[in-house]
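>>> pasting the structure only:
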């Protein structure tokens with residue numbers, strides 16, 4: 001079985017779209033993995049340093065995200081859960097891969113062009129973080145990397161760098177390929193349904209955060225954009241607002257938008273049902289989160305164990321890369 005690898009950057013606040021698109025797949029992967037190291041989930045805190053940030057907030061979000069992963073069902077006995085910066089091999093391989101990557105390749109990354117546009121000061125790490133992402137992938141021999149379209153270009157860079165390194169210095173890395181994860185609902189922002197929910201959305205956006213109170217969740221859903229048609233129909237292109245509500249209800253009820261269409265004739269009824277389903281879905285996650293957050297020592301122990309296990313997997317890859325590229329063994 002190919003090792004499953006997922007990284008989540010601790011920026012903003014985790015939301016329902018993250019639960020569906022990233023967190024539940026980690027739990028599913030650990031269920032089918034043949035061993036406790038077949039599934040690796042990590043908080044990519046080093047990636048959070050590529051833009052202006054509040055150091056205290058990065059630490060706070062890192063701990064919060066780890067705790068939420070445990071709360072949704074990630075089991076340290078069946079998966080490796082760790083923080084990227086706790087495993088020094090990520091940084092070491094990052095530099096070795098920079099010696100095989102090109103400036104032009106990094107500069108052409110779409111996200112670099114978007115995030116650097118209009119800035120007087122652009123951090124060098126914003127340019128090179130796709131190479132760090134390549135190190136994240138190549139360290140653990142992941143043959144397939146499930147990504148959305150916005151990250152596909154980064155996986156292609158990892159492929160290019162791995163192939164070039166292997167050709168010049170010997171076969172060290174498994175060359176990964178990007179794959180679309182199993183079909184999951186695309187959850188849009190309830191206020192701007194043409195855009196997906198974002199961890200870093202501004203105040204007033206229609207984002208359903210995993211730790212929002214029931215009252216906040218109800219208000220956010222009550223304010224969801226619909227349209228003037230007045231009928232409930234699933235048409236993501238022509239009627240994105242009501243279709244997005246159906247998608248949210250579907251992922252929280254175990255149904256499909258197409259099946260739900262015939263159950264509702266009024267937007268108000270659909271919104272109330274959606275709010276009930278979201279609150280019921282998040283209630284056990286929030287309860288478990290509260291228990292875990294009350295015992296931070298346990299969470300930190302999980303992270304220490306995860307870092308040690310991840311390092312044991314990654315260290316042989318770094319040793320092989322060091323030797324291949326010409327560094328003298330200590």
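Received it, and whenever you're ready, just let me know what you need. All values derive from a computational prediction rather than experimental measurement. Numbering: from 1, shown residues only.
>>> Residue 137 is in contact with residue 94, correct?
No - Residue 94 is not in contact with residue 137 according to C-beta atoms under 8 Å; the separation is 11.4 Å. C-betas here are computed from N, CA, C, even on glycine.
>>> which stretches of the stretch 51-200 of the chain have low pLDDT?
149, 181-185 (pLDDT under 70).
>>> Which parts of the stretch 101-250 of the chain are helices?
103-107, 110-116, 124-138, 149-169, 214-222, 240-253 (DSSP state H, counting those that start in this stretch).
>>> between these, which one is nearest to residue 11?
helix 110-116 (11.7 Å; C-beta to C-beta).
>>> wait, isn't residue 126 in contact with residue 51?
Yes - between residue 126 and residue 51 there is a contact under C-beta under 8 Å: 6.7 Å.
>>> so what's in contact with the two at the same time?
Taking C-beta atoms under 8 Å, 6 or more residues apart in numbering as the criterion, residue 126 and residue 51 both touch residue 115.
>>> Looking at those two, which one has more neighbours?
residue 126 (19 against 16; other C-beta atoms under 10 Å).
>>> wait, what's in contact with the more buried one?
50, 51, 112, 115, 116.
>>> got a winner among those for most neighbours?
Neighbour-wise, the contacts of residue 126 (other C-beta under 10 Å) top out at residue 50, 22 neighbours.
>>> can you tell me which two in the contacts of residue 126 are farthest apart?
Checking the contacts of residue 126 with C-beta to C-beta, the most distant pair is 51 and 112, at 11.3 Å.
>>> Give me the buried stretch members for stretch 269-277, please.
270, 271, 273, 274, 275, 276, 277 (16 or more other C-beta atoms under 10 Å).
>>> same check, this time on stretch 158-178
158-162, 165-166, 169, 172-174, 176, 178.
>>> how about residue 41, secondary structure?
At residue 41, secondary structure determined by DSSP: H, G, I helix; E, B strand; the rest coil is strand.
>>> ranges for the strands of the chain?
Counting by DSSP state E, the chain has strands at residues 4-8, 39-43, 80-83, 144-146, 177-179.
>>> can you put those strands in TSV and add distance to residue 214?
Compiled in TSV, those are given as follows (distance: least, C-beta to C-beta, whole Å):
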stretch	distance to residue 214
strand 4-8	25
strand 39-43	27
strand 80-83	28
strand 144-146	32
strand 177-179	37
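>>> Among residue 94 and residue 137, which residue is more densely surrounded?
The neighbour count for residue 94 versus residue 137, taken as other C-beta under 10 Å, is higher for residue 137 (26 against 20).
>>> The more buried one contacts residue 177, doesn't it?
No - judged on C-beta under 8 Å, residue 137 makes no contact with residue 177 at a distance of 10.4 Å.
>>> anything in contact with each of these two?
145, 155.
>>> returning to what we had before: dump the buried residues of stretch 269-277 to JSON lines, plus pLDDT and distance to residue 83.
Formatted as JSON lines, the buried residues of stretch 269-277 follow (pLDDT from 0 to 100; distance: C-beta to C-beta, whole Å):
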{"residue": "270", "pLDDT": "97", "distance to residue 83": "40"}
{"residue": "271", "pLDDT": "97", "distance to residue 83": "38"}
{"residue": "273", "pLDDT": "97", "distance to residue 83": "38"}
{"residue": "274", "pLDDT": "97", "distance to residue 83": "34"}
{"residue": "275", "pLDDT": "98", "distance to residue 83": "34"}
{"residue": "276", "pLDDT": "98", "distance to residue 83": "35"}
{"residue": "277", "pLDDT": "98", "distance to residue 83": "32"}
